[in-house]
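# no FASTA, just this:
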C-alpha cells in the first residue's frame, strides 16, 4: 500500500494553483498540506481521492496509476471533506451510522459507543444535527475514523471548529492510525500538526 504523486499540477479558473508536487507515502507515514484559504488545499485532497483529474502529472496507488486504480484506491479510502456532510435531520448516532453506510461500512453497537465516548458525543447522541453546534457536527463526522478499517485517511481541515481537548483526541487518533501502519493526508492552515511530532511529510504553498 502506497500513495505517490509525481509532477502533479493543479489549476482552477484558468490559473495554476500549484505545480510540480511530488511525494510518496508508505505505510505509517502521512502528508501535511499547509497554506492559506483558497490556495488549493481542498482541490489537492479531492484530486488525491480520485474525485478530479490533475492538469498534469501522475498519481499512483500501490504502484498503479489513476484513473486505472481509482476503484481500488477508493475502496481503501476514508475521506472527510471541508464540509462535515452531516444531516440536520439525523441525530449524532444516526449521522455516524449513515456516513459509514454511504462508504459501504458498518459498525457494532460497542464500536459506536466507543467512538461517541472518545469524542464527547455520548450526551448528544440523540440530538438532531440542526440542534448541534458546528464543533459537535464536526465531531460526529470524525467519529467514523474511530470505526473505519480503511488504511488511507484523507482529512480536510479535521481540526476546524474543535476545542483544545478534542484537538488532542483527534491528533492521538491519527497517531494511532499511523502506528498501526495506516497512511493519512491532512490539510491545515495553522501550525497545529507541525507540533505533534507525527511522521508527516510537508507541502506548503500560499
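Everything's here; your move. Quick caveat: nothing in here was measured; it's all calculated off a predicted structure.

# Following the chain past the longest helix along the chain, name the next helix or strand.
When the chain is parsed with DSSP state H, its longest helix is helix 164-179. For helix 164-179, the following helix or strand on the C-terminal side (DSSP states H and E) is strand 183-188.

# Following that next one in sequence, what is the next regular element?
Moving toward the C-terminus from strand 183-188, the first helix or strand encountered (DSSP H and E) is strand 200-204.

# Okay, buried residues for that following strand please.
By neighbour count with 16 or more other CB atoms under 10 Å, strand 200-204 contains the buried residues 200, 203. For every residue, glycine as well, the C-beta is placed using N, CA and C.

# How about stretch 77-96?
Using 16+ other CB under 10 Å as the test for burial, stretch 77-96 gives 77-81, 84-87, 90-96.

# dump the residue contacts of the residue positioned nearest the centre of the chain.
With distances taken as CA atoms, centre = their mean, the chain has residue 155 as the residue nearest its mean C-alpha position (1.7 Å). Shown in contact with residue 155 (CB atoms under 8 Å, 6 or more residues apart in numbering): 79, 80, 145, 174, 184, 185, 186, 187.

# if you set the cut-off to 6 Å instead, what comes out?
By CB atoms under 6 Å, 6 or more residues apart in numbering, the residues touching residue 155 are 80, 186.

# Helix or strand for it, just tell me which one.
Using DSSP H and E, residue 155 maps to strand 152-156.

# Next, the angle helix 164-179 makes with that strand.
Going by axes from the mean of the first three to the mean of the last three CA atoms, to 10 degrees, strand 152-156 is angled at 150 degrees with respect to helix 164-179.

# Show me which residues of strand 152-156 are buried.
152, 153, 154, 155, 156.

# coming back round to it: farthest-apart pair in the buried residues of stretch 77-96, please.
Spatial extent of the buried residues of stretch 77-96 (CB to CB) is set by the pair 77 and 91 at 26.2 Å.

# what packs against whichever strand or helix holds residue 97?
Using DSSP H and E, residue 97 maps to helix 92-102. Here helix 92-102 touches helix 134-142, going by 3 or more CB pairs under 6 Å, 6 or more residues apart in numbering; DSSP states H and E.
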